[in-house]
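Peer 1: output the structure for:
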Amino acid sequence: MLKKLFGKKEETPSEISVYAPLNGKLLTLDEVPDPVFSQKMMGDGIAIEPVDGKVVSPVDGEIVQVFPTKHAIGIKAKNGAELLIHIGLETVSMQGEGFETHVAEGSKVNVGDALVTFDLELVKEKAKSIITPVIITNGDDIGTVSKKTLDTASAGQDVVMDIQSKA
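Peer 2: Predicted structure coming up:
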C-alpha cells in the first residue's frame, strides 16, 4: 500500500516482448548449425541470420555480461528473463577482432539501444557461421515463451517472442 502511495518502486512486468536485436532472416533454433544451440542445451530462443553488423537491445533491462571477446552479451529483462545474444558461431576464436561494444556490465538499456557493432564480412570469413542465436538462459525461472513466425525481422522494431514470467 505504501509503495503505491509514494510510487517509489517500479512495477515488474509479468510479460515482456523481445524485439529483434538484428536486421535479418528469422530462424528457429533447429536451423542453427551447432548442437549447443539447436538442441537447446543453453535454453530456448530464436536465431537471426543478420544482413548487417549492428546489434541493438531486444528488451528494456540491464546488461549483466559483456564477454571479453565482445561476441556475446547477456541482458536481464525487466521481468527477470535473461537473454544471451551470441553473435555468430565459433566467434570466440576471433578474440574480439571486428567487434566493438557500446555498453558495459551494469548499463541500463532500452529496446533499440546499440549494444555491439561488428564487421559482418570478417565474421563470414573467420567464423563457422554468421547466424546469431538469442537464447533465454534462465528458462527454469520463467513461464511461457511465445515465438513469432516472421520471415525477416527489423532490429528494435519487430517482436520475435513474448516471455511470460512465472506467476
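
Peer 1: so for the longest helix belonging to the chain, what gets flagged as buried?
Peer 2: Across the chain, the longest stretch assigned as helix under DSSP state H is helix 120-126. Residues of helix 120-126 classed as buried by neighbour count (16 or more other C-beta atoms under 10 Å): 120, 122-123. Where C-beta positions appear, they are placed from N, C-alpha and C, glycine not excepted.

Peer 1: could I get the residues you listed as a markdown table with distance to Gly96 and pLDDT?
Peer 2: Formatted as a markdown table, those follow (distance: C-beta to C-beta, whole Å; pLDDT from 0 to 100):
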| residue | distance to Gly96 | pLDDT |
| --- | --- | --- |
| Leu120 | 15 | 98 |
| Leu122 | 11 | 98 |
| Val123 | 12 | 97 |
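
Peer 1: flag the shaky bits of the chain, pLDDT-wise.
Peer 2: Applying pLDDT under 70 to the chain picks out residues 1-10, 167.

Peer 1: which stretches of it form strands?
Peer 2: Ranges of strands in the chain, per DSSP state E, are 15-19, 24-27, 45-50, 54-56, 61-66, 72-77, 82-86, 99-101, 108-109, 114-118, 132-136, 142-147, 152-153, 159-165.
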